[in-house]
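A.B. asks: give me a 3D structure for the following:
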Amino acid sequence: MGKVYLTGAGPGDTELLTVKAHRVITEADVIIYDRLANPELLDMAKNGCEFVYVGKEDGRHTLPQDEINEVIYQNALKHDVVVRLKGGDPFVFGRGGEEGAYLQERDVKFEIIPGITSAVSVPAYAGIPVTHRGVAVSFRVVTGHESPNKEVSQIPWENFKTDDTIVFLMGLHNLGKIASKLMEIGKPREYPCAVISRGTTEDQTVVVSTLENIVEEAKGIPTPALIIVGRVVELREQLNWFK
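C.D. replies: Reported below is the predicted structural model:
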């Protein structure tokens, strides 16, 4: 039985891959990868490495999560080095915990290789720090896409009244709902926010606006994208360095 490496692929820029992640990719017998992992990373694999795509997209999942867990397990029975390559970080909305628990229950050795999360790196490439002295002393990372099967939302909207920076991942399709909920709890209509599409890559696009206007101004922007809300967005005027 082999070992599984639950590996973070980072936010998109291949040079943001960690040294450890690069090593296991070059050693892998099989790489099971998702939609958000930059496909250029697969070019680093050795000759003969197998590739299994299990990407998820809104309404078009290749496989449900329980079947992905089984795919990883079955490959661990056949190969010595199995890399499960996930965009961003496996433990930040990456379901790496579920996959690790599935393997642990079947006595499969596994290792977590953290990745650079898009929650921090994508705003950085847009020239937006998630904290800044005198502006924001903390930040929150929130899912922008809760399971439709939940009867009650777990997002604590009432806790978002402060000036903490809020980063919503996977929330582009719910952008209107997110902006409306934040204004409902009392954030001003002119409160700054931004949508960053395909961050850290040459295709990066940034739309800076306000809660009142962000839906209209970000219309048509492609996924993957994150939403950042807070006064720190205004710092982009000084710190925009990437493009």
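A.B. asks: how much space between the residue nearest to residue 109 when sequence neighbours are not counted and residue 46?
C.D. replies: Counting by C-beta to C-beta, 6 or more residues apart in numbering, residue 3 is the residue found nearest to residue 109 once chain neighbours are left out, at 4.5 Å. From N, CA and C alone the C-beta is placed, and that goes for glycine too. Going from residue 3 to residue 46 by C-beta to C-beta, to the nearest Å gives 16 Å.
A.B. asks: out of those two, which sits in the busier spot?
C.D. replies: residue 3 (16 against 11; other C-beta atoms under 10 Å).
A.B. asks: dig out what that one forms beta bridges with.
C.D. replies: When assigned by DSSP bridges, residue 3 has beta-bridge partners residue 81, residue 109.
A.B. asks: give the contact list for it.
C.D. replies: Residue 3 makes contacts with 76, 80-82, 108-111, as judged by C-beta atoms under 8 Å, 6 or more residues apart in numbering.
A.B. asks: one more time with 7 Å, if that's ok
C.D. replies: By C-beta atoms under 7 Å, 6 or more residues apart in numbering, the contact list for residue 3 reads 81-82, 109-111.
A.B. asks: for residue 118, same thing?
C.D. replies: So residue 118 contacts 11, 88, 169, 199, 226 (C-beta under 7 Å, 6+ apart).
A.B. asks: rewinding a little: filter the contacts of residue 3 to the buried ones?
C.D. replies: 81-82, 110 (16 or more other C-beta atoms under 10 Å).
A.B. asks: in the protein, where is pLDDT below threshold?
C.D. replies: 57-61 (pLDDT under 70).
A.B. asks: repeat that with 80
C.D. replies: 56-62, 147-151, 243 (pLDDT under 80).
A.B. asks: tell me where it has strands.
C.D. replies: Ranges of strands in the chain, per DSSP state E, are 3-8, 30-33, 50-53, 81-86, 109-113, 139-143, 165-169, 192-197, 205-210, 225-229.
A.B. asks: in the helix ranked longest in the chain, what counts as buried?
C.D. replies: What stands out as the longest helix in the chain, according to DSSP state H, is helix 65-78. When burial is assessed from 16+ other C-beta under 10 Å, helix 65-78 yields the following buried residues: 68-69, 71-73, 75-76.
A.B. asks: thought residue 80 was touching residue 29?
C.D. replies: Yes - Residue 80 is within contact range of residue 29, at 5.8 Å (criterion: C-beta atoms under 7 Å).
A.B. asks: how is the protein carved up into domains?
C.D. replies: Domain ranges of the chain: 3-113, 118-239, per the TED database.
A.B. asks: burial count for the residue nearest to residue 97 when sequence neighbours are not counted?
C.D. replies: Spatially, and ignoring its direct neighbours in sequence, residue 97 is nearest to residue 91 (6.2 Å; C-beta to C-beta, 6+ apart). Counted with other C-beta under 10 Å, residues neighbouring residue 91 total 17.
A.B. asks: that concludes my questions; thank you for your assistance.
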